[in-house]
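Asks: pasting the structure only:
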């Protein structure tokens, strides 16, 4: 198991097949999927397949979302990290997207901001990225707030799968 980042409260490590129950708890919750197309998973098999898909990204792209684990409890909180997007979105291709998703019972603890800051820094300092993108449904005020808090700026709005989203960006400090 590879650990990529540690913060004061959290460990960000590769997603493992043993994370399937935590992924299912998170992605099976309709509230978690409110701004993600309202399509929560219906079976643990879907969560297992999602973990396999992300693990394949580690091999193909050298990066993918990471499991977020509470240091104090060992609980699976959700995931956070960078993802290389190879298909065109908002007329952009081959960009690194900063994303995070957490089980509802871990909302309101500052974990999104804590992991987003650590992931941003990892992207700039370890991967030497020149920019990091964030995409958020215009109604997802919590996610927009987190992205802005870690330095991303709203660049434009665009239609993503029939829903208006913000295209947000931060460039590597010089």
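Replies: Nice, I can see it. Everything quoted here is computed from the prediction, not taken from an experiment. Residues are numbered from 1 along each chain as shown.
Asks: report the buried residues of the worst-scoring helix or strand of the chain on mean pLDDT.
Replies: When the helices and strands of the chain are compared on mean pLDDT, DSSP states H and E, strand 3-6 comes out lowest with a mean of 94. Within strand 3-6, the residues that count as buried by 16 or more other C-beta atoms under 10 Å are 4, 5. The way it works is simple: take the backbone N, C-alpha and C, and place the C-beta from them, glycine included.
Asks: let the chain start at 410 from now.
Replies: OK, 410 is where the count begins now, so the last one is strand 412-415.
Asks: so what touches it?
Replies: Here strand 412-415 makes contact (C-beta atoms under 8 Å, 6 or more residues apart in numbering) with 420, 421, 422, 423, 475, 480, 490, 524, 527, 528, 531.
Asks: any of those buried? List them.
Replies: Here, 16+ other C-beta under 10 Å leaves 420, 421, 422, 423, 475, 490, 524, 527, 528, 531 buried among the contacts of strand 412-415.
Asks: next step: the contacts of strand 412-415 restricted to helices.
Replies: Those of the contacts of strand 412-415 mapping onto helices are 524, 527, 528, 531, per DSSP state H.
Asks: can you put those residues in JSON lines and add distance to residue 501?
Replies: Listed next are the ones in helices among the contacts of strand 412-415 as JSON lines, based on distance: C-beta to C-beta, whole Å:
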{"residue": "524", "distance to residue 501": "23"}
{"residue": "527", "distance to residue 501": "24"}
{"residue": "528", "distance to residue 501": "19"}
{"residue": "531", "distance to residue 501": "21"}
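Asks: and the helices in this protein, which stretches?
Replies: The residue ranges that make up the helices of the chain, judged by DSSP H, are 429-436, 453-470, 520-534, 550-558.
Asks: for the record, mean pLDDT for stretch 456-471?
Replies: The pLDDT scores in stretch 456-471 average 96.
Asks: buried ones in that stretch, by neighbour count?
Replies: Neighbour-count burial for stretch 456-471 flags 456, 457, 459, 460, 463, 466 (criterion: 16+ other C-beta under 10 Å).
Asks: what's the spacing between that stretch and its chain's center?
Replies: What separates the centre of stretch 456-471 from the centre of its chain is 14 Å, taken as C-alpha atoms, centre = their mean, to the nearest Å.
Asks: same check, this time on stretch 548-560
Replies: Relative to its chain's centre, stretch 548-560 lies at 13 Å (C-alpha atoms, centre = their mean).
Asks: paired strands for the least confident helix or strand of the chain, with orientation please.
Replies: Under the criterion DSSP bridges, strand 412-415 sits next to strand 419-422 (antiparallel) in its sheet.
Asks: who touches the strand it pairs with?
Replies: The contact list for strand 419-422, computed with C-beta under 8 Å, 6+ apart, reads 410-415, 475-480, 486, 489-490, 520, 523-524, 527-528.
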